[in-house]
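In: got a sequence here, can you build the structure:
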Amino acid sequence: MEGRKHTRFAVQLPVSFSGDQLSHGGTILNVSAEGCAITSETVAGAAVYLQLTMQLREQEEPVQVDLAAVRWSSATRFGVEFIKIRPEEWERLKKFVKMLESPT
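Out: Model (predicted):
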């Protein structure tokens, strides 16, 4: 496995995902500026493309990822790389990850 470009931070956040004949919810286990790992009863296989709705903060609108690629999967979890995300959503995600880097 190649090294990661971005640090992943352990979290437990709700997420819903949908793709080709697949729509379900789960929990984000870790997140970075480039992707996340998700645990769910429904696991997406590698090379599947999904849309994600991530609830990063309770009082805010969820962050929408328009296109994410599943890079690996196991029996109960899978990892995605964010491919396409609108600029304003990207800024919110980066701000959230930056907060995890230096909690005050």
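
In: make it CA atoms for all contacts and neighbour counts henceforth
Out: Noted.

In: if I pick the most centrally placed residue in the chain, what's in contact with it?
Out: In the chain, the C-alpha nearest the mean C-alpha coordinate belongs to C36, at 3.9 Å (CA atoms, centre = their mean). Residues near C36 by CA atoms under 8 Å, 6 or more residues apart in numbering: R8, I28, L29, N30, G79, V80, E81.

In: cool, and A47?
Out: Contacts of A47 (CA under 8 Å, 6+ apart): A69, V70, R71, W72.

In: make TSV out of those residues and add secondary structure and pLDDT.
Out: Formatted as TSV, the contacts of A47 follow (DSSP: H, G, I helix; E, B strand; the rest coil; pLDDT from 0 to 100):
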residue	secondary structure	pLDDT
A69	strand	96
V70	strand	96
R71	strand	96
W72	strand	96
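
In: surely the residue nearest to the centre of the chain is within a helix?
Out: No - secondary structure of C36 (DSSP: H, G, I helix; E, B strand; the rest coil): strand, not part of a helix.

In: those helices in the protein, which residues are they?
Out: Taking DSSP state H as the test, the helices found in the chain are 87-101.

In: low-confidence bits of it, can you list those?
Out: Across the chain, the ranges flagged by pLDDT under 70 are 1-4, 103-104.

In: tally of neighbours for the closest residue to L22 other than its chain neighbours?
Out: Counting by CA to CA, 6 or more residues apart in numbering, L22 lies nearest to A44, which is 7.9 Å off, once chain neighbours are set aside. Look at A44: counted by other CA atoms under 10 Å, it has 31 neighbours.

In: enumerate every residue touching A44.
Out: Counting by CA under 8 Å, 6+ apart, A44 has contacts L22, V70, S73, F78.

In: just checking, the last one touches A68?
Out: Translated: F78. No - F78 is beyond contact range of A68, at 11.7 Å (criterion: CA atoms under 8 Å).
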